[in-house]
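Trainee: The sequence isn't on hand, but the structure is:
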């Protein structure tokens, strides 16, 4: 199912309310709207594309089964990501940290929001695409070297472009903690990145 112009105008909460009321199309629209975003979050957080493929199914099944427990006063997106983050943490504990160092598949330039904000400087065309592909694995290695709570927050903020308030809701932490933890995550990423790019200037 592809989002129609009408569905795009409907809020997440309205679509979920439709689903709770018995209209399965509401749930289908939300899956279409968030499947790729949540999958990319899971890939970046776990470092394992095949694990993310399993988890994404679990996440939406949990959403489906827990519909009646959803607080209508909450926003749907943070609730969805709280489920995704919890499933990812549980999975990482199960597979063990030693198995987390599996890199994501390289993607074509432009498919995802990059971490250019954290890197020393952006290259200019025509080298940009080549350099982007070459740094994909280095970025993922740096992310996987970060503590889980820092990696998840930087992934939500930079890759998923989630507002601080929504991150707070997704992770169940105060807004101030989001800001301080994200600041620490950026610094940590920068220090780790220097090990992969020792000649980089900050």
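Mentor: Received, thanks. If you're wondering where the values come from, they're calculated on a predicted model, not measured in any experiment.

Trainee: List the buried residues of stretch 177-186.
Mentor: By 16 or more other CB atoms under 10 Å, the buried positions in stretch 177-186 come out as 178, 181-182, 184-186. All C-beta spots, glycine's among them, are computed from the backbone N, C-alpha and C.

Trainee: Same check on stretch 41-51?
Mentor: Quick answer for stretch 41-51 (16+ other CB under 10 Å): 41-48, 51.

Trainee: of those, closest to residue 137?
Mentor: residue 47 (10.6 Å; CB to CB).

Trainee: Nearest residue to the closest one in space, please, no chain neighbours.
Mentor: residue 144 (4.6 Å; CB to CB, 6 or more residues apart in numbering).

Trainee: Next step: the buried residues of stretch 41-51 restricted to helices.
Mentor: Members of the buried residues of stretch 41-51 lying in helices (criterion: DSSP state H): 41-46, 51.

Trainee: Same list (those) but as TSV, adding pLDDT and distance to residue 162.
Mentor: Below are these laid out as TSV (pLDDT from 0 to 100; distance: CB to CB, whole Å):
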residue	pLDDT	distance to residue 162
41	94	9
42	94	14
43	92	16
44	90	13
45	92	13
46	91	18
51	91	21
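
Trainee: Where does residue 29 sit, in terms of helix or strand?
Mentor: helix 24-46 (DSSP states H and E).

Trainee: now for that helix, which elements pack on it?
Mentor: Here helix 24-46 touches helix 12-20, helix 49-65, helix 76-95, helix 148-154, going by 3 or more CB pairs under 8 Å, 6 or more residues apart in numbering; DSSP states H and E.

Trainee: again, 6 Å this time
Mentor: Other helices and strands packing on helix 24-46, by 3 or more CB pairs under 6 Å, 6 or more residues apart in numbering; DSSP states H and E, are helix 12-20, helix 49-65, helix 76-95.

Trainee: These: which one's closest to residue 156?
Mentor: helix 76-95 (6.7 Å).

Trainee: List of residues touching stretch 169-189?
Mentor: Stretch 169-189 has contacts (CB atoms under 6 Å, 6 or more residues apart in numbering) with 78, 81-82, 118, 142, 146, 150, 153-154, 157, 164, 167-168.
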